[in-house]
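Undergrad: Below are the sequence and a predicted model; questions follow.
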Amino acid sequence: MNGKSLNASQLRGVTLVLILASLVAACDDNPAGPKAGGTPVTLSIAIGAGPGAAPGLFAAGLELDDGVNTLVIESAEMVLKEIEFEHVSTSGCDSGVSDDDCEEFETGPYLVDLPLDGSVTREIGATVPPGTFDEIEFEIHSPDDDTPEDLDFRSRNPAFAQISIRVTGTYNDAAFEYTTEMDSEQEIDLASPLVVTPESGPVNVTLTVDISTWFVAPGGTLVDPSTANKDQPNQELVENNIEASIEGFRDDDGDGVPHDDDDDEEDDDDDS
């Protein structure tokens with residue numbers, strides 16, 4: 001069996017880290033383009049391990065073991081759409097709201113290839129104008145509409161017609177492919193509001209997706225991902241796990257660790 005093995009409970013801290021970091025120019029994939037007077041940011045994708053995880057854990061994929069069953073995740077891909085920052089004073093980023101309510105980061109659809117080798121990979125670029133934001137909203141999206149955006153996406157990614165997430169690997173040495181058509185609007189509260197001012201230095205936010213929890217039943221038992229495909233008995237369980245696996249927090253140093261950036265800010269204030 002490839003990969004290094006930890007049991008499911010030890011891997012609760014294993015996360016997919018989506019790091020929003022500073023960027024000089026917006027990425028060509030962002031149709032919105034840079035906004036005058038805004039702070040440039042990027043969306044970088046990486047895998048992070050929780051405290052005490054062994055170095056090189058992801059060298060050959062993510063391996064989970066509950067003591068009876070072994071699950072190896074070899075690839076995981078997700079389609080995202082309409083990533084937006086919500087101002088503190090608003091109630092949502094529904095279509096039709098003004099630019100003053102929510103700031104668009106990426107329209108998409110955008111295919112995220114989750115880097116199970118532990119590297120930091122693709123980036124989405126955008127700019128955010130001054131403001132205070134307390135929530136990030138986006139969609140896990142099944143590209144099945146006849147909109148120009150979905151038609152273009154499917155022409156470039158035909159394997160993802162009506163598929164929002166695809167995971168491959170082995171369960172007890174048997175190969176599996178898990179796919180879902182789930183469309184889910186995610187509203188992720190930031191642990192503390194993100195304040196962007198004209199004088200702001202690099203401002204980072206991290207979204208974490210704990211992929212180690214996706215195929216786990218209550219009690220910690222691993223489930224066969226093939227039993228979570230459409231109309232299978234564990235479909236709802238896994239889709240609920242995916243929705244619950246995402247968190248967001250300010251992360252100015254981009255290390256994927258919550259809370260320490262606020263502590264650093266307080267230390268700087270004490271020194272001033």
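TA: Nice, I can see it. Fair warning: this is a prediction, and the values are worked out from it, not measured in the lab.
Undergrad: Please make it C-alpha for all contacts and neighbour counts, starting now.
TA: Fine.
Undergrad: What pairs with whichever strand in the chain runs longest, parallel or antiparallel?
TA: Ranked by residue count, the top strand of the chain under DSSP state E comes out as strand 70-87. With DSSP bridges as the criterion, the sheet partners recorded for strand 70-87 are strand 62-65 (antiparallel), strand 102-106 (antiparallel), strand 110-113 (antiparallel), strand 131-140 (antiparallel), strand 165-171 (antiparallel).
Undergrad: Mind putting those into CSV with distance to Ala191?
TA: Shown next, in CSV, are these (distance: least, C-alpha to C-alpha, whole Å):
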stretch, distance to Ala191
strand 62-65, 27
strand 102-106, 18
strand 110-113, 24
strand 131-140, 8
strand 165-171, 26
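Undergrad: which stretch among those comes nearest Thr180?
TA: With C-alpha to C-alpha as the criterion, Thr180 lies closest to strand 165-171 of those, at 5.6 Å.
Undergrad: Could you identify the helix or strand that succeeds the closest one?
TA: Next along the chain after strand 165-171, taking DSSP states H and E as the criterion, comes strand 174-180.
Undergrad: Parallel or antiparallel, list what pairs with that following strand.
TA: Sheet pairing of strand 174-180 (DSSP bridges) gives strand 165-171 (antiparallel).
Undergrad: send the alpha carbons of the strand it pairs with over as CSV?
TA: Provided in CSV are the C-alpha atoms of strand 165-171 (Å, rounded to 0.1, in the frame of the first residue of the first chain):
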residue,chain,number,x,y,z
ILE,A,165,-16.6,16.8,-7.1
ARG,A,166,-14.6,13.7,-8.1
VAL,A,167,-12.4,11.6,-5.9
THR,A,168,-10.4,8.5,-6.9
GLY,A,169,-8.4,6.0,-4.9
THR,A,170,-8.7,2.6,-3.3
TYR,A,171,-10.8,1.2,-0.4
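Undergrad: what's in contact with that strand?
TA: Strand 165-171 has contacts (C-alpha atoms under 8 Å, 6 or more residues apart in numbering) with 69-79, 175-182, 224-225.
Undergrad: Now the buried members of the residues you listed.
TA: 70-79, 176-182, 224-225 (16 or more other C-alpha atoms under 10 Å).
Undergrad: how many neighbours does Glu185 have?
TA: Close neighbours of Glu185, defined as other C-alpha atoms under 10 Å, add up to 15.
Undergrad: which residues does it contact?
TA: Contacts for Glu185 (C-alpha under 8 Å, 6+ apart) come out as Glu137, Phe138, Glu139, Ile140.
Undergrad: Repeat that for Val79.
TA: Pro109, Tyr110, Leu111, Val112, Ile140, His141, Ser142, Ser164, Ile165.
Undergrad: Where does pLDDT dip in the protein?
TA: Scanning the chain for pLDDT under 70 picks out 1-37, 40-60, 90-101, 104-106, 115, 117-126, 201-202, 252-272.
Undergrad: how near is the closest residue in space to Thr70 that isn't next to it in sequence to Asn241?
TA: Excluding the flanking residues, the one nearest Thr70 by C-alpha to C-alpha, 6 or more residues apart in numbering is Asn172, at 5.2 Å. For Asn172, the distance to Asn241 equals 21 Å [C-alpha to C-alpha, to the nearest Å].
Undergrad: Looking at these two, which is more packed in?
TA: Taking neighbours as other C-alpha under 10 Å, Asn172 and Asn241 compare with Asn241 leading, 18 against 13.
Undergrad: Wait, the more buried one touches Trp214, no?
TA: Yes: with contact defined as C-alpha atoms under 8 Å, Asn241 counts as touching Trp214 (5.1 Å).
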